[in-house]
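J.: Mind folding the following:
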Amino acid sequence: QVQLVESGGGLVQPGGSLRLSCAASGSILVIYTMGWYRQAPGNPRELVAVITGGGNTNLADSVKGRATISRDNAKNTVYLQINSLKPEDTAVYYCNADIYLSGLGSRRGYWGQGTQVTVSS
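T.: Numbers count the residues shown, from 1 in each chain. Now for the predicted structure:
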């Protein structure tokens with residue numbers, strides 16, 4: 001019914017930047033909050049940044065000042081720009097969206113498949 005497809009991950013040198021994208025598709029009526037989470041090996045999944053439908057944002061302390069989350073509601077897409085990347089940013093980054101489905105009248109959260117970000121020289 002709904003798919004979230006992430007892109008933009010890869011290998012980046014320390015100090016570099018990257019931009020992740022996540023596009024939602026399917027039987028979507030409304031997308032509420034969208035966000036990015038990450039999970040490093042051996043660690044629990046953690047919040048990186050979220051953005052509400054109205055554009056309010058919240059960023060984890062670990063990325064404040066280095067990251068920006070934005071969204072394009074016309075494209076059902078959320079973006080995460082991270083600058084000054086550090087080795088500790090290495091993780092699988094997951095997109096999450098709170099979606100109200102058309103037709104079924106139901107609302108739930110969806111996850112993307114994840115995209116690997118590796119920060120290393």
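J.: Nearest residue to the middle of this structure?
T.: Taking Cα atoms, centre = their mean, the centroid of the chain lies closest to W36, which sits 2.8 Å from it.
J.: On the pLDDT front, check that residue for me.
T.: The per-residue pLDDT reported for W36 equals 98.
J.: what comes up buried for the helix or strand encompassing it?
T.: Remark: W36 resides in strand 28-39, with elements defined by DSSP states H and E. In terms of neighbour count (16 or more other Cβ atoms under 10 Å), strand 28-39 has its buried residues at I28, I31, T33, M34, G35, W36, Y37, R38. Every residue, glycine included, has its C-beta placed from N, CA and C.
J.: Also stretch 56-72?
T.: Within stretch 56-72, the residues scored as buried using 16+ other Cβ under 10 Å are L59, V63, A67, I69, R71.
J.: List the contacts of the last one.
T.: This means R71. Listed by Cβ atoms under 8 Å, 6 or more residues apart in numbering, the contact set of R71 reads M34, I51, G55, T77, V78, Y79.
J.: Okay, G15 and S27: tell me how far apart.
T.: Using Cβ to Cβ, to the nearest Å, we find G15 at a distance of 42 Å from S27.
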